[in-house]
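1. structure for the following, please:
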Amino acid sequence: MPEKLDVVLVIDDAAVRDALKFLLEVEGMTVGLSDSLAAISIDPMLMRCRCIVIDNASLTKQDVDVVDALRAGRIVAPVILLVSRLNAELRDRCARAGIHRLLQTPITDRTLLDAIFLVLGTSNT
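-> So this is what the prediction gives:
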């Protein structure tokens, strides 16, 4: 496994997780995988990553409470949260929790890629 990962995907759906991993690797990124934040929260992989993408459906805690747990564990990588339902309350909670970006699924364009490239400070062209 690489010393530094670009992205860790926390997605419970194996097909979606594998498809996104393939897409990100085609774009030149190094990718780590997990099916739940609980499984990965003690994994040193999180200390080596530059961005964490979390699918809200894979969370066992309330939406953004997970970011507090990450920060308590000294994980400072920007978090991109994928949600199926977006509302003002969730948007506000995410802003207070320090979630870098909130994206509504399904994503049918390059929005996720663009958000990750922005976090990594690299160009996608």
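
2. so who does residue 119 touch?
-> Taking C-beta atoms under 8 Å, 6 or more residues apart in numbering, we find residue 119 in contact with 50-51, 78, 80, 100-101. Glycine gets a C-beta too; all of them are placed from N, C-alpha and C.

3. repeat that for 6 Å
-> By C-beta atoms under 6 Å, 6 or more residues apart in numbering, the contact set of residue 119 is 51, 78.

4. now do the buried residues in the helix or strand where it lies.
-> For residue 119, the host element (DSSP states H and E) is helix 111-120. Across helix 111-120, burial judged by 16 or more other C-beta atoms under 10 Å covers 112-113, 115-117, 119.

5. so can I have a markdown table of those residues showing distance to residue 24?
-> Listed next are these as a markdown table, based on distance: C-beta to C-beta, whole Å:
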| residue | distance to residue 24 |
| --- | --- |
| 112 | 9 |
| 113 | 8 |
| 115 | 12 |
| 116 | 7 |
| 117 | 10 |
| 119 | 12 |
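
6. what about the strands in this structure?
-> 7-10, 31-34, 52-55, 79-83, 101-104 (DSSP state E).

7. could I get the ones you listed as a markdown table with distance to residue 44?
-> Formatted as a markdown table, these follow (distance: least, C-beta to C-beta, whole Å):
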| stretch | distance to residue 44 |
| --- | --- |
| strand 7-10 | 11 |
| strand 31-34 | 10 |
| strand 52-55 | 14 |
| strand 79-83 | 18 |
| strand 101-104 | 24 |
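
8. adding mean pLDDT and distance to residue 72, write those strands out as CSV.
-> Listed next are the strands of the chain as CSV, based on pLDDT from 0 to 100; distance: least, C-beta to C-beta, whole Å:
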stretch, mean pLDDT, distance to residue 72
strand 7-10, 91, 17
strand 31-34, 89, 18
strand 52-55, 90, 15
strand 79-83, 90, 14
strand 101-104, 90, 21
